[in-house]
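Peer 1: here is my input; please provide its structure:
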Amino acid sequence: MLAVSLGFGALFGGAPRPSALVTTVSGLVILFALFFLYFCEREHLPSRRPGIGLVWSYGHIFIFGAIAALGAAIGAAVALAGNAGAGAWSRLSLWLGLPLAIFLAALWLARDRHFALGSRSPALPTTAAAAIGAALLGAPAWVFAVTAVAGVLWRVPFFAPSRP
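Peer 2: Modelled structure (predicted):
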């Protein structure tokens, strides 16, 4: 969130660049997508068995680490877009895509694989694979935002019947 706020701060000071605006908004969209994916289930664990709880608790090392790395990458992407430097974008793209993929894979491993989700079950691993593919291709930040939103639309039960 700090990286996104710095991006919006840079937009209102000096001569804003359209690429900086797109990158900043993309970072905000990615942030909201991660929030929706993490909090989409009312109950995070279907069982209190020790093995499931252990994977859930230690899985958060990867979840929180990926969020921290993604925040740093968003900050670097905003700075790069604000300075119109395109030379290092392919390397920076890896730092956007790989933490996004790690977050999605760790969340699937820690939580989603324990739920009967039906057609929503492969949403996080597939979105993680798409993020890795985009990272290897050197995609811009908005591609990762679109990928994250696609994962949200696929995984989050917007129209599921409410459970008691």
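Peer 1: how distant is the strand or helix carrying residue 34 from the center of its chain?
Peer 2: For residue 34, the host element (DSSP states H and E) is helix 18-38. The chain centre lies 8 Å from the centre of helix 18-38; the measure is CA atoms, centre = their mean, to the nearest Å.
Peer 1: give me the mean pLDDT for that helix.
Peer 2: Across helix 18-38, the average pLDDT comes to 89.
Peer 1: next one: stretch 129-141
Peer 2: Regarding stretch 129-141, the rounded mean pLDDT is 95.
Peer 1: ok, now stretch 94-107?
Peer 2: pLDDT averaged over stretch 94-107 gives 95.
Peer 1: tabulate the CA atom coordinates of that stretch in CSV.
Peer 2: This file holds the C-alpha atoms of stretch 94-107, laid out as CSV (Å, rounded to 0.1, in the frame of the first residue of the first chain):
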residue,chain,number,x,y,z
LEU,A,94,10.1,-11.1,-12.9
TRP,A,95,9.9,-9.4,-9.5
LEU,A,96,6.2,-8.6,-10.1
GLY,A,97,5.2,-12.0,-11.5
LEU,A,98,7.1,-14.4,-9.3
PRO,A,99,5.9,-13.1,-5.9
LEU,A,100,2.4,-13.0,-7.3
ALA,A,101,2.7,-16.6,-8.3
ILE,A,102,4.3,-17.6,-5.0
PHE,A,103,1.4,-15.9,-3.1
LEU,A,104,-1.2,-17.7,-5.2
ALA,A,105,0.5,-21.1,-5.0
ALA,A,106,1.1,-20.8,-1.2
LEU,A,107,-2.5,-19.8,-0.7
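Peer 1: about what we covered before: and the helix holding residue 34, what's buried?
Peer 2: For helix 18-38, burial by neighbour count (16 or more other CB atoms under 10 Å) applies to 19-21, 23-31, 33-34, 36-37. To be clear about C-beta, it is placed using only N, CA and C from the backbone, and glycine gets the same treatment.
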